[in-house]
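Q: Turn this into a model:
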Amino acid sequence: MGLYANIRPVIAYDPYVKCNFPKMNLVIIRENEEDLYSGIEYRLTDENYEALKLISRTGSEKIAKFAFDYALKNKRKKVTCFIKDNIMKLTDGAFHTAYKEVAKNYPELENGQMIIDIATAKLAANPDLFDVIVTENLYGDIISDVAAEISGSVGLCGSANIGDKYAMFEAIHGSAPDIAGQNIANPTGLINATIMLLNHIGHYEKAGLIQNALNFTIEQGMHTADLYADNHSNAKLGTKEFTAEIIKNLDSKPENLAAAKTRYAKQEKSKDIDLTNYSLITKKRQLVGVDVYLDFKRKDFVGFSGKLNELTSTLQLNLQMISHKGLKIWPEFSYEHELSDMLVCRFLAKGEVKETEHQEIISLLDLLNKQGFTFVKTENLYLYDDKLGFSI
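A: Coordinates of the predicted model:
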């Protein structure tokens with residue numbers, strides 16, 4: 001349905017729900033269609049499996065713009081990008097580059113970026129550092145659960161999935177079949193998702209009534225089991241009883257927790273930015289080689305590279321490197337540990353031109369096949385405007 005943006009607000013209900021960060025109030029915006037969550041996986045050999053991490057420039061630009069527009073509309077002050085481009089220089093690098101270029105159009109908002117591992121640690125230790133966070137699919141799923149849990153309970157938070165034509169709303173925790181039908185689930189996450197839905201379709205007053213009633217009920221110490229504590233709860237309620245309390249309080253407003261803000265249909269509009277200005281348009285793409293993934297069950301690695309070089313002597317492709325789990329094991333490096341059953345052989349074009357054709361790769365695969373080698377995957381190697389389109 002094109003639901004490319006996932007929105008997960010996280011706030012503290014302190015002191016009525018135990019939280020070490022009483023001013024916690026942040027929003028995690030997560031790209032919702034790409035990354036490892038595309039679910040494209042393969043079994044390549046008996047031992048080796050693969051998942052594809054797909055990041056597009058257009059998808060990255062779109063979610064970055066969505067995050068900055070969201071911050072403007074909701075009177076937020078800062079948008080921080082969480083990435084891991086010190087390691088994944090191409091995929092996370094593309095996401096980070098798109099974020100930085102879109103950020104230039106929002107001088108009224110602060111922007112910044114953090115590596116995902118330390119960023120998650122800082123989020124858990126001091127969430128008040130953050131306002132709006134924008135990130136990729138997997139990172140966003142993990143950190144939103146971290147944030148929800150430190151706010152008091154993962155059962156508190158609602159979630160929106162927004163696209164250009166459709167939207168879908170849900171509790172962030174997903175389903176809980178192990179407690180289904182027992183009247184013990186906390187419905188707050190689903191109720192908060194409903195509030196987001198009503199705001200999305202313009203029913204601001206109805207959304208405000210429910211939000212005020214929910215916050216008032218929590219203030220009164222009417223809590224489900226996951227929130228209940230002797231020092232701040234007055235009653236331990238089941239799912240139905242908690243919901244009945246909210247319905248009873250629909251005309252009430254909270255005294256200490258935030259009351260619903262009046263929302264109008266004429267909100268600040270999204271900025272009109274032509275994202276095509278930022279998309280990478282390649283003037284020249286050169287095919288310079290291929291990585292061939294071989295099902296390698298031979299116990300003796302000695303002589304393997306020589307046999308490959310001899311085999312390809314008639315081609316315009318040179319064996320440049322053999323790697324195992326991303327680590328170069330030939331040439332110049334001896335690997336003393338047991339190999340798994342897959343090696344990656346990198347072949348690059350010979351000569352000064354350093355360019356090859358698809359037919360050369362087909363010929364290479366044909367020779368490998370005739371000599372009894374089993375190739376389970378190939379990746380073409382390209383230069384884009386003379387810049388590497390592959391890791392080294």
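
Q: Where does pLDDT dip in the stretch 151-300 of the chain?
A: 262-268, 277-280, 298-300 (pLDDT under 70).

Q: ok, now with 90
A: 152-155, 172-180, 226-233, 258-283, 296-300 (pLDDT under 90).

Q: The nearest residue to residue 162 once chain neighbours are set aside and residue 144: what is the separation?
A: On the basis of Cβ to Cβ, 6 or more residues apart in numbering, the spatially nearest residue to residue 162 that is not a chain neighbour turns out to be residue 5, at 4.5 Å. Quick note: C-beta positions are derived from backbone N, CA and C, even for glycine. Remark: distance between residue 5 and residue 144 (Cβ to Cβ, to the nearest Å) = 13 Å.

Q: what ranges do the helices span in the stretch 51-200 of the chain?
A: Along the stretch 51-200 of the chain, counting by DSSP state H, counting those that start in this stretch, helices occupy 57-73, 91-103, 116-125, 137-150, 188-200.

Q: and stretch 341-348, how far from the chain's centre?
A: Averaging C-alpha positions (Cα atoms, centre = their mean, to the nearest Å) puts stretch 341-348 29 Å from its chain's average.

Q: With adjacent residues omitted, what lies nearest to the residue most central in space within the chain?
A: The centroid of the chain falls nearest to residue 137 when counting by Cα atoms, centre = their mean (1.8 Å). In space, and not counting its chain neighbours, residue 137 is closest to residue 35: 3.6 Å by Cβ to Cβ, 6+ apart.

Q: Residue 135 now?
A: Closest to residue 135 by Cβ to Cβ, 6+ apart is residue 82, at 4.0 Å.

Q: Okay, and the beta partners of the one you found?
A: For residue 82, the beta-bridge partners under DSSP bridges are residue 114, residue 135.

Q: Residue 250 touches residue 209, doesn't it?
A: Yes: when contacts are counted by Cβ atoms under 8 Å, residue 250 is listed as touching residue 209 (5.4 Å).

Q: Between the two, tell me which one has more neighbours.
A: Between residue 250 and residue 209, counting by other Cβ atoms under 10 Å, residue 209 is the more crowded of the two (20 against 13).

Q: mind checking which helix or strand that one is in?
A: helix 204-219 (DSSP states H and E).

Q: Give me the buried stretch members for that helix, please.
A: For helix 204-219, burial by neighbour count (16 or more other Cβ atoms under 10 Å) applies to 204, 207-219.

Q: Check the gap between residue 234 and residue 158 for me.
A: On the measure of Cβ to Cβ, residue 234 and residue 158 end up 24 Å apart.

Q: Those two: which has the busier surroundings?
A: A count of neighbours by other Cβ under 10 Å puts residue 158 above the other of residue 234 and residue 158, at 22 against 10.

Q: residues in contact with that one?
A: Applying Cβ atoms under 8 Å, 6 or more residues apart in numbering to residue 158 gives the contacts 8-9, 169-172, 189-196.

Q: now residue 87
A: By Cβ under 8 Å, 6+ apart, residue 87 has no neighbours at all.
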